[in-house]
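Enquirer: fold the following and give me the result.
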Amino acid sequence: QEGGEGDSRLQTPESRVKSQEGGEGDSRLQTPESRVKSQEGEEGDSRLQTQKSRVKSQEGGEGDSRLQTPDSRLLVVGVSGGTDSICLLHVLLQLRDKLGIDLHVAHLNHQLRGAEADADAEHVSNLARQLGIAATIQKRDVTESRVKSQESRVRGGRDGDSRLSTLDSRLLFDSRSSIEEAAREVRYAFFAEVARATGAGAVAVGHTADDQAETLLMHLIRGTGLLGLRGMQPLSRWRLLDGAQLTVIRPLLAVSREETEAYCAACDLSTRLDSSNISSKYLRNRIRAELMPVLMEYNPRIRESLSRAACTIAADIAHLDEEVARLWDSVAVERHFDSAQDRHDAVALDNRAFSALSPALRRHLLRSILGRLLGDLRDIELVHIEGLLNVLVRPAGKRLSLPGDLVFHGSYTESLITRSKDAPCPLPPLTGEHHLAIPGETMLPGWRVRARVIESKPCPVDDAGYNHAPRTEDFGGGL
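Expert: Numbering: from 1, shown residues only. Now for the predicted structure:
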């Protein structure tokens with residue numbers, strides 16, 4: 001995956017993988033001659049061979065790193081039965097010995113397509129048995145898991161110990177969650193359970209360059225910031241309900257769907273067709289069937305163009321992450337308001353230091369804060385970031401409700417983002433005795449006190465001879 005320009009072929013027994021990021025090029029996955037564009041780096045000839053397999057770390061950085069899970073040689077492979085996942089499983093099987101990995105198949109029946117889904121599960125089970133690979137195949141009712149209860153939705157970093165049951169993991173979603181999103185959440189929770197049960201440290205999934213292009217277009221249509229334009233990453237980590245992280249790798253992210261289909265046909269691999277993938281009621285399917293063909297009329301290589309843009313944005317975000325980490329201690333402070341261990345209950349911002357940052361760093365810092373408190377940014381939209389930026393211009397006395405029961409409290413010198421039930425008094429602490437300038441202005445820690453002398457007025461007396469309680473209007477609006 002590193003090196004100079006060249007032809008990159010994926011064969012058995014000799015496999016060559018071209019870098020997934022970088023220059024233009026025709027990237028085909030065929031048998032016996034296949035070309036796969038590499039997952040990282042600049043243009044180059046990158047080989048995955050039987051005698052010598054080199055896989056560059058998918059998170060970046062120089063170096064030769066073997067493809068194996070962080071804590072073990074075992075890699076869970078998510079297999080739906082479709083072309084992409086079958087292709088992924090077969091390629092990993094051919095390279096298993098030279099990559100130094102063991103494989104375990106994981107398949108989840110979401111119980112959304114009746115007999116068709118049952119047939120998919122049976123197909124994957126039979127395939128794993130034929131290939132001699134251990135498999136975990138289960139059913140989960142996604143419709144039951146899609147509950148409209150934001151209050152009950154608990155993720156890593158929140159209060160409480162909410163753990164996924166091996167037999168029944170139910171995730172709770174707000175009213176905006178689609179059935180697709182619910183299915184994805186339940187599926188990755190299942191992958192995490194399989195990884196924990198088998199001792200695997202990572203899960204491989206079969207997302208392709210087509211999936212990446214569709215994802216980017218979906219984000220653009222719905223509205224997104226930089227993070228949405230980054231798309232899927234070759235390596236990412238999902239934060240689970242119990243605060244643990246699941247490592248997910250996507251070895252085929254630069255391979256087209258056409259190439260996986262050609263590979264399966266050449267290797268005589270039987271695959272399944274998910275009928276929901278052709279239903280027009282899903283936005284992704286409409287993008288695939290209607291929008292992509294139109295865009296390809298303008299740019300036949302639109303898929304590669306979108307992938308390159310995502311890689312460029314990912315590099316920019318990585319730089320912003322580094323800058324936020326570097327300046328964190330000078331702008332933000334993590335605070336705890338209960339005895340929960342390893343949970344960040346609140347983050348305090350130094351208003352003056354924050355206002356001195358560039359707009360890009362302000363936005364990214366706020367995203368980082370919300371990500372730490374929530375565990376992920378799935379509920380955070382651009383409108384929430386802009387809302388925070390607006391109140392931070394004049395934060396004193398401001399309060400703003402955010403997703404996940406988060407609340408922003410503003411004061412003169414410091415602002416706090418925390419959960420409503422954990423929120424301390426938003427006013428700065430004031431202890432001891434202090435002399436006030438009357439009239440005049442007195443600066444105290446976290447406070448600015450202005451005082452003036454007003455003219456004394458007698459309280460009005462009514463006909464019965466009673467004095468009225470003082471009213472602000474009695475003092476000419478000066479109180």
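Enquirer: stretch 90-108: end-to-end distance?
Expert: End-to-end distance of stretch 90-108: 19 Å, with C-alpha to C-alpha, to the nearest Å as the criterion.
Enquirer: could you list the paired strands of the helix or strand that contains residue 348 along with their orientation?
Expert: Per DSSP states H and E, residue 348 falls inside strand 346-350. Strand pairing for strand 346-350, using DSSP bridges, gives strand 332-335 (antiparallel), strand 414-419 (antiparallel).
Enquirer: what bits of this protein have low per-residue confidence?
Expert: 1-71, 145-177, 240-244, 337-344, 420-428, 457-479 (pLDDT under 70).
Enquirer: that one: helices as residue ranges?
Expert: Counting by DSSP state H, the chain has helices at residues 83-99, 115-131, 142-145, 179-198, 209-222, 226-230, 257-266, 283-286, 292-298, 302-331, 351-355, 359-374, 382-393.
Enquirer: how about those in JSON lines, adding mean neighbour count?
Expert: Quick note: C-beta positions are derived from backbone N, CA and C, even for glycine. Formatted as JSON lines, these follow (neighbours: other C-beta atoms under 10 Å):
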{"stretch": "helix 83-99", "mean neighbour count": "20"}
{"stretch": "helix 115-131", "mean neighbour count": "16"}
{"stretch": "helix 142-145", "mean neighbour count": "17"}
{"stretch": "helix 179-198", "mean neighbour count": "20"}
{"stretch": "helix 209-222", "mean neighbour count": "19"}
{"stretch": "helix 226-230", "mean neighbour count": "19"}
{"stretch": "helix 257-266", "mean neighbour count": "19"}
{"stretch": "helix 283-286", "mean neighbour count": "16"}
{"stretch": "helix 292-298", "mean neighbour count": "11"}
{"stretch": "helix 302-331", "mean neighbour count": "16"}
{"stretch": "helix 351-355", "mean neighbour count": "15"}
{"stretch": "helix 359-374", "mean neighbour count": "19"}
{"stretch": "helix 382-393", "mean neighbour count": "16"}
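Enquirer: tell me which of the ones you listed sits nearest to residue 72.
Expert: helix 179-198 (8.6 Å; C-beta to C-beta).
Enquirer: show me what that closest one is packed up against.
Expert: strand 74-78, strand 102-109, strand 134-139, helix 142-145, strand 202-204, strand 245-249 (3 or more C-beta pairs under 8 Å, 6 or more residues apart in numbering; DSSP states H and E).
Enquirer: in PDB, list the C-alpha atoms belonging to it.
Expert: This file holds the C-alpha atoms of helix 179-198, laid out as PDB (Å, rounded to 0.1, in the frame of the first residue of the first chain):
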ATOM      1  CA  ILE A 179     -35.700   2.300  10.500                       C
ATOM      2  CA  GLU A 180     -32.400   2.200   8.700                       C
ATOM      3  CA  GLU A 181     -30.600   4.000  11.500                       C
ATOM      4  CA  ALA A 182     -32.200   1.700  14.100                       C
ATOM      5  CA  ALA A 183     -31.100  -1.400  12.100                       C
ATOM      6  CA  ARG A 184     -27.600   0.000  11.900                       C
ATOM      7  CA  GLU A 185     -27.400   0.600  15.700                       C
ATOM      8  CA  VAL A 186     -28.700  -2.800  16.600                       C
ATOM      9  CA  ARG A 187     -26.400  -4.400  14.000                       C
ATOM     10  CA  TYR A 188     -23.300  -2.800  15.400                       C
ATOM     11  CA  ALA A 189     -24.300  -3.600  19.000                       C
ATOM     12  CA  PHE A 190     -24.600  -7.200  17.800                       C
ATOM     13  CA  PHE A 191     -21.100  -7.000  16.200                       C
ATOM     14  CA  ALA A 192     -19.800  -5.700  19.500                       C
ATOM     15  CA  GLU A 193     -21.300  -8.600  21.400                       C
ATOM     16  CA  VAL A 194     -19.800 -11.100  19.000                       C
ATOM     17  CA  ALA A 195     -16.400  -9.400  19.300                       C
ATOM     18  CA  ARG A 196     -16.500  -9.500  23.100                       C
ATOM     19  CA  ALA A 197     -17.700 -13.100  23.200                       C
ATOM     20  CA  THR A 198     -15.000 -14.400  20.800                       C
END
